[in-house]
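**Q** predicted coordinates and the sequence they were generated for:
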Amino acid sequence: MLCPLKLIVIPVLLAPVGYSQCLPDLTDSSPKLRVHVGESALMGCVVQRTEEKRVDKVDWLFSKSLHVENEYVLYYYSNLSVPTGRFQNRSHLVGDILRNDGSLLLQDIQKADEGIYTCEIRLKDEGQLLKKFMSLCVLPEEPKELRVRVGDQTQMRCFFQSTEEKRVTKVKWMFSSGKHAEEETVLSYDFSMPSGNFQSLGRFRNRVDLTGDISRNDASIMLQTVKESDQGVYTCSIYLGKLESRKTIVLHVIQDESQSSILPTTSTKGSQMGILDGNQLVIIVGIVCATLLLLPVLILIVKKTRWNKGSVSSMASVKNLENKEKTKPEKHVYSSITTWETVERGPSGESEATYMTMHPVWPSSPKASSLALSSFRSK
């Protein structure tokens with residue numbers, strides 16, 4: 001029993017005080033993992049014993065260095081696995097306890113997760129702990145969005161780092177063209193089936209190749225002859241028994257060669273918005289200039305229109321007056337004509353009375369007036 005304990009304690013005593021900034025190292029033999037932000041890591045912790053003794057307790061601890069207080073990640077006791085603290089929703093015990101396996105799967109790794117992880121296993125009826133150390137280096141996050149031209153090919157990476165091999169039981173790639181669209185199977189690989197049963201299905205048949213090494217937990221694929229309809233969301237699922245580790249990639253398919261470079265979607269959108277704003281500015285400036293040039297012409301047209309309207313209104317008023325005068329009845333003009341009629345004196349020697357007769361005269365043309373006057377004189 002003393003030999004295993006010596007092998008575990010000695011590495012701790014020989015651990016250097018200073019170690020790499022990215023990979024805090026304990027010994028040359030301690031496992032090291034390099035993982036990108038957002039990915040998963042499998043940390044193996046298996047006890048090899050000839051005696052048939054079951055695991056009684058498992059503790060996973062984390063620290064930034066040897067001189068920093070440990071932080072609990074997960075503990076297992078009395079057939080119950082309990083993740084703790086900030087690791088509560090991201091840590092899972094995936095080992096087979098009946099086989100003295102207390103391996104840990106850590107998902108959605110963050111930069112703050114970089115440091116030293118310690119696995120402590122206590123076997124039943126044994127008071128001493130068996131320890132295993134490993135260091136985790138967290139790299140910057142890989143792009144989750146890819147841009148590719150129609151007809152080209154693109155690789156979509158999906159894997160998780162592990163200190164153990166042959167843990168993956170199943171791999172599946174799914175595709176969706178939108179939020180409410182039904183998912184399509186792109187590729188599936190099942191270890192439970194004879195010879196792995198690799199399949200690329202549907203419209204992706206004969207266009208998808210598995211480029212990753214499944215035995216090393218790598219399920220990366222290559223999509224050939226990209227079509228415009230291939231644009232959408234791709235989801236990679238790697239199964240460790242019943243446990244699933246997922247990664248999502250958004251694929252943008254473009255036709256213009258000038259936009260074929262792989263750029264973050266946010267910058268592309270920003271440039272497009274900038275171009276759109278520039279076009280709007282040109283349109284606005286053009287409208288303003290055209291308005292300034294046409295303004296004098298518009299003023300002249302308005303003035304001419306008003307003058308024409310004034311002339312028309314004045315003519316109309318004159319015609320109205322003439323029409324009123326024509327329709328208004330003319331007054332009778334009477335001419336007093338004194339007619340002296342001399343009557344012979346009667347027997348009495350008296351003369352008869354003198355009469356004056358009034359004849360109405362209608363205004364007419366000068367010619368008519370002269371005719372009337374001549375007739376009067378002839379009488």
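**A** Yep, that arrived.

**Q** output the below-cut-off pLDDT ranges for this structure.
**A** For the chain, the stretches flagged by pLDDT under 70 are 1-29, 50, 165-166, 194-198, 256-279, 307-379.

**Q** domain parsing for it?
**A** Using automatic domain parsing, the domain parsing of the chain gives 2-139, 145-256.

**Q** state which strand of this structure is the longest.
**A** Secondary structure assigned by DSSP state E gives strand 243-254 as the longest strand of the chain.

**Q** buried residues in that one?
**A** Of the residues in strand 243-254, those with enough neighbours to count as buried (16 or more other CB atoms under 10 Å) are 245, 247, 249, 251-254. Using the backbone N, CA and C atoms, a C-beta is placed for each residue, glycine as well.

**Q** thinking L105 is in contact with E39, fair?
**A** No - no contact is recorded between L105 and E39 when judged using CB atoms under 8 Å, the distance being 11.4 Å.

**Q** now the end-to-end length of stretch 76-93.
**A** With CA to CA, to the nearest Å as the measure, the first residue of stretch 76-93 is 8 Å from its last.

**Q** beta-bridge partners for the closest residue to G202 other than its chain neighbours, please?
**A** Counting by CB to CB, 6 or more residues apart in numbering, the nearest residue to G202 once its immediate chain neighbours are dropped is E184, at 5.4 Å. Beta bridges link E184 to F175, judged by DSSP bridges.

**Q** can you put the buried residues of strand 243-254 in JSON lines and add distance to P31?
**A** Listed next are the buried residues of strand 243-254 as JSON lines, based on distance: CB to CB, whole Å:
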{"residue": "S245", "distance to P31": "19"}
{"residue": "K247", "distance to P31": "22"}
{"residue": "I249", "distance to P31": "28"}
{"residue": "L251", "distance to P31": "34"}
{"residue": "H252", "distance to P31": "37"}
{"residue": "V253", "distance to P31": "40"}
{"residue": "I254", "distance to P31": "42"}
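
**Q** what about E141, how many neighbours?
**A** E141 is flanked by 13 other residues according to other CB atoms under 10 Å.

**Q** can you tell me the SS state at it?
**A** Going by DSSP: H, G, I helix; E, B strand; the rest coil, the secondary structure assigned to E141 is coil.

**Q** list the contacts of it.
**A** Residues counted as contacts of E141 (CB atoms under 8 Å, 6 or more residues apart in numbering) are 36-38.

**Q** tell me how far it lies from L281.
**A** Separation of E141 from L281 (CB to CB, to the nearest Å): 36 Å.

**Q** A181 now?
**A** From A181 over to L281 the distance is 38 Å, taken as CB to CB.

**Q** contacting residues around stretch 173-183?
**A** Among residues not part of stretch 173-183, those counted as contacts by CB under 8 Å, 6+ apart are 156, 158, 184-188, 204, 208, 219, 221, 229-237.

**Q** and if we set it to 6 Å?
**A** Outside of stretch 173-183, the residues that reach it under the criterion CB atoms under 6 Å, 6 or more residues apart in numbering are 184, 186-187, 232-236.

**Q** what's the answer for stretch 85-100, then?
**A** The contact list for stretch 85-100 (CB under 6 Å, 6+ apart) reads 47, 55, 73-74, 76, 81, 83, 101-103, 105-108, 240, 243.

**Q** for those residues, which ChimeraX command selects only the ones that are buried?
**A** Applied in ChimeraX, the following selects the buried portion of these according to 16+ other CB under 10 Å:
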select :47,55,73,74,76,81,83,101,102,103,105,106,107,240
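
**Q** just give me the closest of the contacts of stretch 85-100 to T118.
**A** Within the set of the contacts of stretch 85-100, V73 lies nearest T118; the separation is 9.2 Å, counting by CB to CB.

**Q** next SSE after the helix or strand that contains that closest one?
**A** Counting by DSSP states H and E, the secondary-structure element that holds V73 is strand 71-77. Tracing the chain C-terminally past strand 71-77 and defining elements by DSSP H and E, one meets strand 80-83 next.

**Q** sheet partners, orientation included, of that following strand?
**A** In its sheet, and by DSSP bridges, strand 80-83 pairs with strand 71-77 (antiparallel).

**Q** what about K303, which SS state?
**A** Assigned by three-state DSSP, the conformation of K303 is helix.

**Q** so what's the residue count around it?
**A** So K303, with other CB under 10 Å, has 10 neighbours.

**Q** any idea how far it lies from L293?
**A** Distance, K303 to L293, by CB to CB: 18 Å.

**Q** cool, and V171?
**A** Relative to L293, V171 is positioned 68 Å away (criterion: CB to CB).

**Q** the more surrounded of those two?
**A** Neighbours were tallied for V171 and for L293 using other CB under 10 Å; the higher tally belongs to V171 (25 against 9).

**Q** for the closest residue in space to L104 that isn't next to it in sequence, what are its contacts?
**A** Setting aside the residues directly before and after it, L104 is nearest to M43 in space (CB to CB, 6+ apart), at 4.7 Å. Contact criterion CB under 6 Å, 6+ apart gives 104, 117, 134, 163 as the residues in contact with M43.

**Q** now the second one: phi and psi?
**A** If I follow you right, that is Y117. Phi and psi for Y117, reported as degrees, to the nearest 10, are phi -110, psi 130.

**Q** number of residues surrounding it?
**A** Taking other CB under 10 Å as the definition, Y117 ends up with a neighbour count of 22.

**Q** do the first one as well
**A** Here the count is done by other CB under 10 Å, and L104 has 26 residues near it.

**Q** next: the last one.
**A** T163 has 19 neighbouring residues, counting by other CB under 10 Å.

**Q** that one and P31 touch, don't they?
**A** Yes - using CB atoms under 6 Å, T163 is in contact with P31, at 4.2 Å.

**Q** kindly export the longest strand of the chain (C-alpha atoms) in PDB.
**A** Listed next in PDB are the C-alpha coordinates belonging to strand 243-254 (Å, rounded to 0.1, in the frame of the first residue of the first chain):
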ATOM      1  CA  LEU A 243     -23.800  12.600 -21.700                       C
ATOM      2  CA  GLU A 244     -23.700  15.000 -24.600                       C
ATOM      3  CA  SER A 245     -21.200  17.700 -25.500                       C
ATOM      4  CA  ARG A 246     -22.400  20.200 -28.100                       C
ATOM      5  CA  LYS A 247     -20.800  22.800 -30.400                       C
ATOM      6  CA  THR A 248     -22.700  25.200 -32.700                       C
ATOM      7  CA  ILE A 249     -21.300  26.700 -35.900                       C
ATOM      8  CA  VAL A 250     -23.000  29.300 -38.200                       C
ATOM      9  CA  LEU A 251     -22.200  29.000 -41.900                       C
ATOM     10  CA  HIS A 252     -22.600  32.000 -44.200                       C
ATOM     11  CA  VAL A 253     -22.600  31.300 -48.000                       C
ATOM     12  CA  ILE A 254     -21.600  34.200 -50.300                       C
END
